[in-house]
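Q: turn this into a model:
(chains A, B, C and D)
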2 protein chains.
Amino acid sequence: MQRRQLLDELVSKGIRLTSQRRAVISVIQEAKSHLDAGSLLDLARRLEPSLDRATVYRTIGLLKKLRLIDELDLMHLEGEKHYYEVRTEGDHIHLACFGCGMIQEFTSPLFDRLKEEITRTAGFEIRVARLELGGFCPKCSSRHRGEEEEKTKTSVKH
Amino acid sequence: MQRRQLLDELVSKGIRLTSQRRAVISVIQEAKSHLDAGSLLDLARRLEPSLDRATVYRTIGLLKKLRLIDELDLMHLEGEKHYYEVRTEGDHIHLACFGCGMIQEFTSPLFDRLKEEITRTAGFEIRVARLELGGFCPKCSSRHRGEEEEKTKTSVKH
DNA sequence: TTAAATGCAAATCGTTTGCATCTGT
DNA sequence: ACAGATGCAAACGATTTGCATTTAA
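A: Numbers count the residues shown, from 1 in each chain, chains lettered A, B, ... in the order given. Coordinates of the predicted model:
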């Protein structure tokens, strides 16, 4: 369900719908992982082969402006790309594993309380909240511990 | 006090100290605002005119690897630059105003509790925590409200 | 002395732009 | 019909790289 979220939002806002936009939107909507502009282009081209990267970036810009998608950095795990995801009701946290590259999402009422606190005590009107944590997932955490200790001992090099 | 933090850390780790590194480090250490690589280069060149941008980036990379500085995006308020700051004891939150570009720092025990919760329930070993909020500071918030309403009414254009 | 750091110039990567053409409404 | 969206190619800004040379320890 809620498959056409983005599309419907655009229609209701009277935004012009081109086949290119439909393609990009459909890909973002169905995506199972966080996509960067490049993969977005590749995937959307299967639906609309003429699609150009400029159009992808322009569509991303449009969706960002309308606050229908969120832009993530995911701790710059692989270069300086940006990643996109459909904006959801409550903000969530992204955990990025330096070991295996895994991205895990996390939600917590504490996060909402923290944001409330900021709104209240700093008088800041939050529009976008991005909490990203870099570190090691349970699997990589143990594997990683060994290497780390070596490094700390002397100055690199075993 | 604690003026030589970074320098001392490097010395104690047996890292080779060049005049270029001293210059970059001294600039980061004394900085009153968040600096990007470009401004860092400009400022450090006053101390070490021969300094090249490659060296600045390499030094930043070194300090990041040693976890002596943190890298920020500051909601990409002006392009895709990165900003740097000396790593402090407790993590803090950055509030970036879309209106005037102001950056405000914010700390809260709730943030630490949230991180603890993540460590505990997700088993994730946090190395870097970056919480950035984009929105409007108190001043810009009121100024901004008017414009926003117009936009929402029809599809852009007055 | 020598492994590591530097400057320089060129390359790379993600993203943006100007402009002639096309298309949704 | 025409404002707005597109493709194309070139430009862009931030960052990285290879390599010959210099330097800290």
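Q: for A:Cys137, grab phi and psi.
A: phi -70, psi 170 (degrees, to the nearest 10).
Q: pop the domain breakdown of chain A in here.
A: A:1-89, A:90-158 (automatic domain parsing).
Q: least confident of those, on average?
A: Lowest mean pLDDT within the domains of chain A: domain A:90-158, a mean of 85.
Q: DNA strand C contacts on chain A?
A: A:16-19, A:36-38, A:53-54, A:57-58, A:60-61, A:79-82, A:157 (Cβ under 7 Å from any atom of the strand). To be clear about C-beta, it is placed using only N, CA and C from the backbone, and glycine gets the same treatment.
Q: near DNA strand D, which residues of chain A?
A: A:15-16, A:18, A:20-21, A:48, A:50-55, A:58-59, A:80.
Q: again, only this time at 10 Å
A: Along chain A, the residues adjacent to DNA strand D under the rule Cβ under 10 Å from any atom of the strand are A:10, A:14-24, A:41, A:44-45, A:48-59, A:61-62, A:76, A:79-80.
Q: list buried residues within the residues you listed.
A: Listed as buried from the residues of chain A next to DNA strand D are A:10, A:15, A:20-24, A:41, A:44-45, A:48, A:51, A:55-56, A:59, A:62; burial here means 16 or more other Cβ atoms under 10 Å in any protein chain shown.
Q: can you tell me which of these are in helices?
A: Mapping these onto helices (DSSP state H) picks out A:10, A:20-24, A:41, A:44-45, A:55-56, A:59, A:62.
Q: among the residues you listed, which pair sits farthest apart?
A: A:Leu10 and A:Arg45 (20.4 Å; Cβ to Cβ).
Q: now the helices for chain A?
A: A:5-12, A:19-30, A:37-47, A:53-65, A:109-122, A:138-153.
Q: winner for burial among these?
A: Of all these, helix A:19-30 carries the top mean neighbour count, a mean of 20, counting by mean count of other Cβ atoms under 10 Å in any protein chain shown.
Q: which residues are in contact with that one?
A: A:3-7, A:10, A:35, A:40, A:43-45, A:47-48, A:50-51, A:55-56, A:59-60, A:62-63, A:69, A:84-86 (Cβ atoms under 8 Å, 6 or more residues apart in numbering or on different chains).
Q: apply 7 Å and report the result again.
A: When contacts are defined by Cβ atoms under 7 Å, 6 or more residues apart in numbering or on different chains, helix A:19-30 is touched by residues A:3, A:5-7, A:35, A:40, A:43-44, A:47-48, A:51, A:55-56, A:59, A:69, A:84, A:86.
Q: can you list the buried residues in the longest strand along chain A?
A: Ranked by number of residues, the top strand in chain A under DSSP state E is strand A:125-136. By 16+ other Cβ under 10 Å, the buried positions in strand A:125-136 come out as A:125-126, A:128-136.
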